[in-house]
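K.L.:
task: produce atomic coordinates for the following.
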Amino acid sequence: MYQALNESRSTFVPVRQLSYHVRQWGEPDGTRPPLVLVHGWMDVSASWQFMVDALSEPRWIVAPDWRGYGLTKSGQPPADNFWFPDYLADLDFLLDALAPGEAVDLVGHSMGGNVAMMYAGVRPERIRRLVNLEGFGMPETRPAQAPTRYAQWIDELKALHRGEMDLKPYDSVDGVARRLMKTNPRLSPDKAGWLARQWAAPDAQGRWTILGDTAHKVVNANLYQLPEALALYARITAPVLSVTASDDSLTQWWKGRFTIEQYRERLRHVPQLTEAQVGDAGHMLQHDQPEALARLIEDFLRN
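P.N.:
Presented below is the predicted three-dimensional model:
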């Protein structure tokens, strides 16, 4: 099994009536801001371990489990759906607790990259440099889609409460590892075995369940507002590095409804932008090519 070179430690930070789990590597040294890593949908903070191990320069790194993921619970009573603005507020509260009044280096993957981009437009003064790893946002929507979207949201809430959206449990941790490798064929068995133990945990019956709240599967009631996103992009003052993988995730997911060309058109609204690509990598590029990604990020943060 994979052996972590740099062991993390867990802390819990009070954030908006939640106990937020934050994984940390290294210690504050007063000379560099913290490097904040935020994960994507149905992922956990431990997902960054391979990239952290590949970094050449020691520094203080913090990575939260978003609400309803990993060791951060969704609240009491548990949430039955999640609202995107909560991630922006959670991040702001976390930065106030961990790095008050300080501009940080922020790296976000997938959903976390989308959160990072939008947050950098809301609080531009809190970000020194920003790295967006395949945080594309969503396809553009039209107001006419609202009635159908609200109906879908309500229908999915009902399905959730009937137990019809529950996540599949696995008989063993090896089953979880096989699931990870099926989703990402580039993930090696040693890394899959290690990651499975972070991504899932045994329940009272000994079955392994994913550490992600089922309510995350419920569609967002609100439509994705592209003009709002572009207005936020335009307010970003930090240099931004946008990193994509050699595999075209958008074509795989959206079948032409949202393309990499459209994403790059959106990025034209970011004032200080650098683009890069990681070869031989899919969407989970921090798993596929952690060494190449670590070099890319360190070079960008060093400038």
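
K.L.:
which SS class is Met165?
P.N.:
When classified by DSSP: H, G, I helix; E, B strand; the rest coil, Met165 comes out as coil.

K.L.:
ok, it - contacts?
P.N.:
If you count contacts by Cβ atoms under 8 Å, 6 or more residues apart in numbering, Met165 has them with 156, 159, 214, 217-218. Every residue, glycine included, has its C-beta placed from N, CA and C.

K.L.:
among the residues you listed, which are located in helices?
P.N.:
If you go by DSSP state H, those have 156, 159 in helices.

K.L.:
most neighbours of all the contacts of Met165, which one?
P.N.:
When neighbours are counted by other Cβ atoms under 10 Å, Val218 leads the contacts of Met165 with 21 neighbours.

K.L.:
thought that residue was touching Ile154?
P.N.:
No: look at Val218 against Ile154 with Cβ atoms under 8 Å: they stay out of range, at 9.8 Å.

K.L.:
which residue packs closest to Leu88, ignoring adjacent ones?
P.N.:
Leaving out its chain neighbours, the residue that sits closest to Leu88 by Cβ to Cβ, 6 or more residues apart in numbering is Tyr119, at 5.2 Å.

K.L.:
what packs against the helix or strand that the one you found is a member of?
P.N.:
Per DSSP states H and E, Tyr119 falls inside helix 111-122. Helices and strands touching helix 111-122, by 3 or more Cβ pairs under 8 Å, 6 or more residues apart in numbering; DSSP states H and E, are strand 35-38, helix 84-98, strand 104-109, strand 127-133, helix 226-234.

K.L.:
CA atoms of it as PDB?
P.N.:
The C-alpha atoms that make up helix 111-122 are tabulated as PDB, following Å, rounded to 0.1, in the frame of the first residue of the first chain:
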ATOM      1  CA  MET A 111     -16.100  21.800  -7.500                       C
ATOM      2  CA  GLY A 112     -13.400  23.200  -5.200                       C
ATOM      3  CA  GLY A 113     -11.900  25.100  -8.100                       C
ATOM      4  CA  ASN A 114     -15.200  26.600  -8.900                       C
ATOM      5  CA  VAL A 115     -15.600  27.700  -5.300                       C
ATOM      6  CA  ALA A 116     -12.100  29.100  -5.300                       C
ATOM      7  CA  MET A 117     -12.700  31.200  -8.500                       C
ATOM      8  CA  MET A 118     -16.000  32.600  -7.200                       C
ATOM      9  CA  TYR A 119     -14.500  33.300  -3.700                       C
ATOM     10  CA  ALA A 120     -11.600  35.100  -5.200                       C
ATOM     11  CA  GLY A 121     -14.100  37.500  -6.800                       C
ATOM     12  CA  VAL A 122     -16.000  38.000  -3.600                       C
END
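
K.L.:
run the angle between that helix and helix 84-98 for me.
P.N.:
70 degrees (axes from the mean of the first three to the mean of the last three Cα atoms, to 10 degrees).

K.L.:
residues in contact with helix 111-122?
P.N.:
Counting contacts by Cβ under 8 Å, 6+ apart, the residues outside helix 111-122 that touch it are 37-41, 43, 66, 84, 87-88, 91-92, 106-108, 126-127, 130-137, 229, 231-236, 238, 240.

K.L.:
give me the buried entries from those.
P.N.:
Buried residues within these, defined by neighbour count using 16 or more other Cβ atoms under 10 Å: 37-40, 43, 66, 87-88, 91-92, 106-108, 126-127, 130-137, 229, 232-233, 236, 238, 240.

K.L.:
now do Asn303, the pLDDT please.
P.N.:
Confidence at Asn303, expressed as pLDDT, is 76.

K.L.:
quick one, what contacts it?
P.N.:
Pro239.

K.L.:
now do Glu134
P.N.:
Taking Cβ under 8 Å, 6+ apart as the contact definition, Glu134 lies against 109-110, 113, 243-245, 249, 283, 285.

K.L.:
before we move on, the earlier item: tell me the pLDDT of the residue nearest to Leu88.
P.N.:
Tyr119 carries a pLDDT value of 98.

K.L.:
same deal with Gly101?
P.N.:
pLDDT for Gly101: 92.

K.L.:
count the neighbours of it for me.
P.N.:
With other Cβ under 10 Å as criterion, Gly101 counts 8.

K.L.:
how much space is there between it and Leu232?
P.N.:
22 Å (Cβ to Cβ, to the nearest Å).

K.L.:
ok, now Ser172?
P.N.:
44 Å.

K.L.:
now do Thr148
P.N.:
Plainly put, Thr148 is 26 Å away from Leu232 if you go by Cβ to Cβ.

K.L.:
who touches Leu91 in this structure?
P.N.:
Applying Cβ under 8 Å, 6+ apart to Leu91 gives the contacts 38, 64, 115, 119.

K.L.:
how does it look with 7 Å?
P.N.:
By Cβ atoms under 7 Å, 6 or more residues apart in numbering, Leu91 lies in contact with 38, 115, 119.
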